[in-house]
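K.L.:
Got a predicted structure plus its sequence, pasted below:
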Amino acid sequence: MLTEKRTLARRVWTVRYPLISALVLAIAVLSAVQSDSSATAQDDAAGPMVLITGANRGLGLEFARQYQAAGYRVIGTARKPEEAKELNALGVRVEQLDVADPKSVAALQSRLSKAPIDILINNAGISGGGGSIAKADLAAIERVLQVNTVGPIRVTQALLPNLQLGGKKIVVSISSGLGSIANNRRGGNYGYRESKAALNMFMRSLAAELKDDGFRCIAMSPGWVRTDMGGSQAPLSPADSIGGMIKVIDSLTKENSGEFFNHDGKKVPW
Ligand SMILES: NC(=O)c1ccc[n+]([C@@H]2O[C@H](COP(=O)([O-])OP(=O)(O)OC[C@H]3O[C@@H](n4cnc5c(N)ncnc54)[C@H](OP(=O)(O)O)[C@@H]3O)[C@@H](O)[C@H]2O)c1
């Protein structure tokens, strides 16, 4: 009876005020579409959430591919999302992020609001700086430090509340064998080596600080991999490097938080 009355009232309203009814309907449709313009089909699915920085090419793109295939919900970030064709083609959620730009990081933080994130992969990175001290380019070194060291610190700080809400509480920063102080026999690569050694120290400190909150935080060396950065002579494919790293991440225990792992699971000397 009550339902009939409501239906009748709705009909009367629609007949008497057709313009207002059409407007109300249009506003409802628009706000539903705009409420999350970056939503994808995967947002409705269950599964842990992983956020990967620099996911439009190279190792980041392969991380996105393999995590998606493993049933994860993936947020892949790119400096220019509209140009990230391969990443968009995966159907994952793509978000704008320049790790060296505080405004871009703050905007991502506010878009993600209280979304739980299980795994953060600080992957974005650049090379540059110089091979000999005589020719080292100080401006390039500053830029490398901004992107490779300050960037992961800034992103981790901004997304810590999201990680606290996640079930896995894992932070991985993609370092490099060139960041190992113990293994440095050849020198060179000014800027890049320092940026990764400092990144390693960040991960060690983060692991110690967040230990009692159940976090597992590690630095990883992907090996020498065929990407734009690694070049075509590199012995490892992105698929093999990332496959190995995901295995290591999957089997992390709280005891090995704060360590520096190679893609094959061996520890890298600091
Ligand atoms: N390939 C290797 O052999 C190797 C070895 C050791 C360590 N690594 C490390 O592995 C990570 C990935 O390297 P890769 O080989 O995949 O390199 P890559 O092919 O050159 O890709 C680098 C990625 O980082 C992104 N990026 C650069 N600057 C950024 C910024 N300011 N903000 C956000 N994203 C930024 C790039 O985005 P754009 O397309 O917008 O530039 C791109 O998506 C890096 O941290 C690198 O140091 C690589």
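P.N.:
Alright, I've got the coordinates. Residues are numbered from 1 along each chain as shown.
K.L.:
drop to CA atoms for contacts and neighbour counts, all remaining ones
P.N.:
Will do.
K.L.:
ok, which stretches of the stretch 1-150 of the chain are strands?
P.N.:
Applying DSSP state E, counting those that start in this stretch to the stretch 1-150 of the chain gives strands spanning 49-52, 73-78, 93-96, 119-122.
K.L.:
what's the average pLDDT for stretch 93-103?
P.N.:
Taken as a whole, stretch 93-103 has a mean pLDDT of 98.
K.L.:
What residues of it count as buried?
P.N.:
For stretch 93-103, burial by neighbour count (16 or more other C-alpha atoms under 10 Å) applies to Arg93, Val94, Glu95, Gln96, Leu97, Asp98, Val99, Ala100.
K.L.:
now do stretch 132-151
P.N.:
136-137, 140-141, 143-151.
K.L.:
so which of the residues you listed are also by the ligand?
P.N.:
When contact is defined as C-alpha under 6 Å from any ligand atom, the buried residues of stretch 132-151 meet the ligand at Val147.
K.L.:
Out of the buried residues of stretch 132-151, which is nearest to the ligand?
P.N.:
Minimum distance to the ligand across the buried residues of stretch 132-151 is 5.2 Å, recorded for Val147 (C-alpha to the nearest ligand atom).
K.L.:
which residues touch the closest one?
P.N.:
Taking C-alpha atoms under 8 Å, 6 or more residues apart in numbering, we find Val147 in contact with Val99, Ala100, Ala124, Gly125, Ile126.
K.L.:
pLDDT score assigned to it?
P.N.:
98.
K.L.:
Same question for the one 10 residues further on.
P.N.:
Model confidence at Gln157, expressed as pLDDT, equals 98.
K.L.:
in the helix or strand containing it, what's buried?
P.N.:
Assessed by DSSP states H and E, Gln157 sits inside helix 151-165. By 16+ other C-alpha under 10 Å, the buried positions in helix 151-165 come out as 151-156, 158-164.
K.L.:
cool, and stretch 166-175?
P.N.:
Neighbour count says stretch 166-175 has Gly166, Lys168, Lys169, Ile170, Val171, Val172, Ser173, Ile174, Ser175 buried, by 16+ other C-alpha under 10 Å.
K.L.:
Between the residues you listed, which sits nearest Leu112?
P.N.:
Gly166 (12.8 Å; C-alpha to C-alpha).
K.L.:
how about that closest one, phi and psi?
P.N.:
With angles defined as degrees, to the nearest 10, Gly166 sits at phi -80, psi 160.
K.L.:
follow-up on the earlier one: out of the strands of the stretch 1-150 of the chain, the one nearest the ligand is which?
P.N.:
So among the strands of the stretch 1-150 of the chain, strand 73-78 is nearest, using C-alpha to the nearest ligand atom, at 6.0 Å.
K.L.:
Contacts only, for Arg79.
P.N.:
Counted by C-alpha under 8 Å, 6+ apart, Arg79 has contacts Gly54, Gln96, Leu97, Asp98.
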